[in-house]
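# quick check, what structure comes out for this input:
(chains A and B)
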Amino acid sequence: MGRRVNKKGAIMSRAIETAGLTKYYGETAGIVDLDLVVDVGEVFGFIGPNGAGKTTTIRLLLNLLRPSRGSGSIFGLDIERESLEIRHRIGYLPGDLALPSSMTGREFLLYFSRLRGIDTAAVTVRLAERFDLDLDWRIKEYSKGNRQKIGVVNAFMHEPEMLILDEPTSGLDPLMQQEFAELLVEVRQEGRTVFLSSHYLPEVERVADRVGIVRQGRLIDVDTLSGFRSKVQSHLSIKFGSPVDPVRFAAIEGVTVIDLRDGGTLLELSIAGSQKAVIGAAATRDVLTVTSDEADLDDVFLSYYGSDPRLDPEG
Amino acid sequence: MMPVIFGKTLGDRRRAVVGYGLGLVALALWLGVLFPVMRESDGFVEFMDNLPSGMLSAFGIDSATFLSAAGFLSSYLYSLFAPLFILFFVIGGMAAEIPAEERDGHMDMLLSSPVSRTRVFLEKAGGVVGAALVLVVVLSAALLVANPIFELSLTVAGVLSSGLSLWLLGVLFGAVTLVTGAFTGRGVVAGGVAGALAFLAWFSHGFSDLYPVLRSIDAASPFTWYQEPLPLVEGVGTGQVWLAVTAAVLVAVALLLFRRRDIATERAVLPATRIIRRSRRRRRRSPRAAWLLKGSFRKTIWDRRRPVWGWGGGLGLLTLVMFSAWPSLAEDAEALAGLINSLPREVFAMFGMSNPEAIVTPAGFISSRTYQAIGPILIIMFVVRGVSLAMIKEETSGALDLVLSAPASRRTVVAGKALGVVFSTGLVVALLTLAALLGDSAWETGLGTGKILAAGAGLGLLGLFFGGLTMMIWAIGGSSSPAVRITAVVAMATFLLNGLGSAGDAMEPVRVISPFYWYFGDAPPLAKGFEPTYYLLLAGALATGWVALGRLERRDIAT
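Presented below is the predicted three-dimensional model:
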């Protein structure tokens, strides 16, 4: 779109870069030794379970929290010293959205556009129409989904170079989620950057170029979706004629038992690497059918967090 | 750069400014009316000369200047009510604007936009002190208008100096709130600490004549800087400079702390020392009084367990102070009686004392503050706040939806909450009563256990009466009805009705409808037992509670 001119020229292709970024709350780890690189123009999915450190990372990037150690930059600007300049160039949607309840949606957006010192009225109206949002209600009268839309409009209304979104579609209905995904696609086409934190995996899968997985305060892997798919090669469902012991399969290297259903006769596995050992093990039993799917982000997620192999055969 | 945040902060306080402003103007005019009445009263002048200054200072009276309008207004308006109004306003405003906004997540939104922390901090603090300045200007204007009408002979410079001094006092304690808030990130703690320090400063200034031990810290009390020499008479002096300098230093400290803070965490900016670390670890333990978390009755008590200690402890402390002051006052009982007789009853009526003669007895003196002025205000605030937090706020926040989705009838749940408020009120009264019993035996005032128990019971019932009113308005009007505000207005009106009724014959017949009359009557609560009129308070509380429960069964929740 060319609307956005890179101030420091072509050399600056990093949207986010952190080095050993760490935050402790007392003795509790928020995020530890985060080394993260997000390129300009990419949609980066940041996934992990609750309490993994996603929001801590975002709040560090926004300078709401001060790092215990390590450093970070956005567009080459230091997240602590040059936060003000950074905040001119980003849009933020918090995961735990808190809006002043007595203002109307329009008043709230006007207030925040004034804080930015720019006129965002035209974009605001366009976004509100797109998300079917009436701006002239008091915020306390809005439903949860409509409040979330206000947050979305606030993050996008000044057409920032980068969007930092924490669980952006929480509360939105499927139609609006679809609309939101399309908005993200447009943003990417315009060459803008999106840092998308979520545990709603289909959303990340739909738009993200690369995904980082965080667990217990540590970034454990970063890859493209296809890269992850090749690591998690398959998802296998095996139907047996009689109940089987899942521990036998869990013991095979690279195999994670996802589920055991139908009275212990339907086994679902996630397999990294060759399926040979699994098929071999299954063949010694009374196999009825075998179904194999392409891995999706759920499998990636589960393979990294590890499901419990001691599944209840009755469950 | 447009001061957008300043403008919003100022705008958000507009309702409070109107409310507090009307209160201050009414107060100034009322005192303006009173002064000529008092000045013309017989026998007043001669007694003033003979009175020991220590005794008077406990009532905020400076004998040297009390006979002039400036002295009179300095005692009543500028040493008690105006600071109370301004400090409530500023401390509450600061706590709401910065630490409370951090806690509820608004600060995250604000600071994610391209505005510096310094700017957010200064504009928000500036908005609150700006609104306070509006209040002070309104008060000063009201006095200047009243000046020729009531022949008060105030100087313009004096009124403006007093206003400036009052504003600076507010700014100073606002800055204390900011420091505590930036340190703890908790609005309640910030407001509580600032309020407690303000009380301490007021106490050490006002009571230094009575308690020699306070004299050493009197000079360091901001209330001393604020009022000595009286700005209404002497104009601006070094005291105001001290106020301004201290406030500026505190604001600078608060700003430094705020700039270093992790937003919306309760952790202080200090490094994790061993003590702090230990206290953090302790917080993780399972709740020690978890047995209370069973049913809405116990949950309400659980929620109020800390306020019970705070409010009950405060009331108890006040009671002990009153008891301890009695022996030195008793030595001059005759002079005190002379003063009381020389003052018009309107003066006392304003403070809810329809029986000023009784102040020369221990029962009257201790009742005058504990059971007739501060006690009722605190207990009504405690009960109404309890109803507001357990019911109204829970409905607006959606917590009530959650509670009512459990398999328990609506009546059971809400009745449990109401009983929880009743029980926690009982605990506050119990702490007060315990302090009174201790005081009675320690200073040998001879009040007797029965009368102390009865006075406490009446006080509790008075609080519950207004709590019931709040609950009924809420049940009928829904969560958006101004139940707390209506209750506050009714309480203030009936309080004045009782006081005025005792002073003027015209109001006498309507006085009997005031719940304060049912409690005070014409004798100090400590001087009488359990009066039959206390049953009226009980009946009122039960009736309003009953109506509330019935009405609530049929209404929509959270609409």
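# tell me which helix or strand B:Val429 sits in.
helix B:410-442 (DSSP states H and E).
# now do that helix, average pLDDT.
In this model, helix B:410-442 has a mean pLDDT of 95.
# next secondary structure after it?
Proceeding N to C from helix B:410-442, the next assigned helix or strand is helix B:449-477, under DSSP H and E.
# please identify the buried residues of that next one?
B:451-475 (16 or more other Cβ atoms under 10 Å in any protein chain shown). Quick note: C-beta positions are derived from backbone N, CA and C, even for glycine.
# all helices of chain A, in order?
Ranges of helices in chain A, per DSSP state H, are A:54-61, A:83-89, A:105-116, A:121-130, A:144-156, A:174-189, A:201-207, A:225-231, A:246-250, A:276-283, A:297-305.
# local confidence estimate at the residue nearest to A:Ala181 when sequence neighbours are not counted?
Excluding the flanking residues, the one nearest A:Ala181 by Cβ to Cβ, 6 or more residues apart in numbering or on different chains is A:Arg206, at 5.1 Å. The model reports A:Arg206 with a pLDDT of 85.
# can you give me the distance of A:Arg206 to A:Ile164?
In this view, A:Arg206 and A:Ile164 are 18 Å apart by Cβ to Cβ, to the nearest Å.
# what is the burial count for the closest residue to B:Val403 other than its chain neighbours?
Nearest non-adjacent residue to B:Val403, counting by Cβ to Cβ, 6+ apart: B:Val413, 5.8 Å away. Neighbours of B:Val413 under the rule other Cβ atoms under 10 Å in any protein chain shown: 20.
# closest point of the stretch 1-150 of chain A to chain B, which residue?
A:Ala98 (3.0 Å; Cβ to the nearest Cβ).
# let me know whether that residue touches B:His106 as I believe.
Yes. Assessed by Cβ atoms under 8 Å, A:Ala98 is found in contact with B:His106 at 5.3 Å.
# now do the contacts for B:Val33.
For B:Val33, the contact set (Cβ atoms under 8 Å, 6 or more residues apart in numbering or on different chains) comprises B:Phe150.
# tell me which parts of the stretch 151-300 of chain A are close to chain B?
A:Asn154 (Cβ under 8 Å from any Cβ of the partner chain).
# give me the below-cutoff pLDDT ranges for the stretch 151-300 of chain A.
Applying pLDDT under 70 to the stretch 151-300 of chain A flags residues A:232-233, A:294-296.
# tell me how many other residues crowd residue 212.
Chain wasn't specified; assuming chain A. 23.
# sorry, I should have been clearer: chain B.
For B:Pro212, the count of nearby residues is 9 (other Cβ under 10 Å).
# can you give me the pLDDT of it?
pLDDT, B:Pro212: 71.
# figure out the helix or strand that the closest residue to B:Val428 other than its chain neighbours lives in.
In this structure, B:Val428 finds its nearest non-sequential neighbour in B:Gly312, 4.0 Å apart by Cβ to Cβ, 6+ apart. Assessed by DSSP H and E, B:Gly312 sits inside helix B:305-330.
# show me what that helix packs onto, helices and strands only.
helix B:53-57, helix B:362-370, helix B:374-387, helix B:410-442 (3 or more Cβ pairs under 8 Å, 6 or more residues apart in numbering or on different chains; DSSP states H and E).
# show the contacting residues for residue 116.
Reading this off chain A. A:Arg116 makes contact with A:His88, A:His158, B:Ser113, B:Pro114, according to Cβ under 8 Å, 6+ apart.
# meant chain B, my bad for not saying
A:Leu84.
# what's the answer for B:Thr370, then?
B:Leu315, B:Leu318, B:Thr319, B:Met322, B:Leu432, B:Ala436.
# separation between the residue lying closest to the fifth one once chain neighbours are set aside and chain A?
Closest residue in space to B:Leu432, ignoring its immediate chain neighbours: B:Leu315 at 4.3 Å, by Cβ to Cβ, 6+ apart. Between B:Leu315 and chain A the distance, using Cβ to the nearest Cβ, to the nearest Å, works out to 34 Å.
# ends of stretch A:164-174, how far apart?
21 Å (Cα to Cα, to the nearest Å).
# how far off centre is that stretch?
10 Å (Cα atoms, centre = their mean, to the nearest Å).
# just the element for B:Leu152, please.
Using DSSP H and E, no helix or strand contains B:Leu152.
# how about it, nearest residue that isn't a chain neighbour?
Nearest non-adjacent residue to B:Leu152, counting by Cβ to Cβ, 6+ apart: B:Ala69, 3.9 Å away.
# let me know which of the helices of chain A is tucked in deepest.
helix A:54-61 (a mean of 25; mean count of other Cβ atoms under 10 Å in any protein chain shown).
# can I get that one as CSV, trimmed to CA atoms?
Output of helix A:54-61 as CSV, limited to C-alpha atoms (Å, rounded to 0.1, in the frame of the first residue of the first chain):
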residue,chain,number,x,y,z
LYS,A,54,1.8,-14.4,26.8
THR,A,55,0.3,-11.4,28.4
THR,A,56,3.4,-10.7,30.4
THR,A,57,5.4,-10.6,27.2
ILE,A,58,2.9,-8.2,25.6
ARG,A,59,2.9,-5.9,28.7
LEU,A,60,6.7,-5.9,28.7
LEU,A,61,6.6,-4.9,25.0
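# hang on, the earlier thing: quick one: the residue nearest to B:Val403 and B:Ser405 touch, right?
No. Look at B:Val413 against B:Ser405 with Cβ under 8 Å: they stay out of range, at 10.6 Å.
# tell me where the stretch 51-200 of chain B has helices.
B:53-57, B:69-73, B:82-97, B:99-103, B:106-112, B:117-149, B:156-184, B:187-206 (DSSP state H, counting those that start in this stretch).
# give me the residue from chain B nearest chain A.
Counting by Cβ to the nearest Cβ, chain B gets nearest chain A through B:Gly105, at 3.0 Å.
# and the closest residue to B:Pro307 other than its chain neighbours, how many neighbours?
If the residues on either side of it in the chain are set aside, B:Pro307 comes closest to B:Phe382, at 6.9 Å by Cβ to Cβ, 6+ apart. For B:Phe382, the count of nearby residues is 25 (other Cβ under 10 Å).
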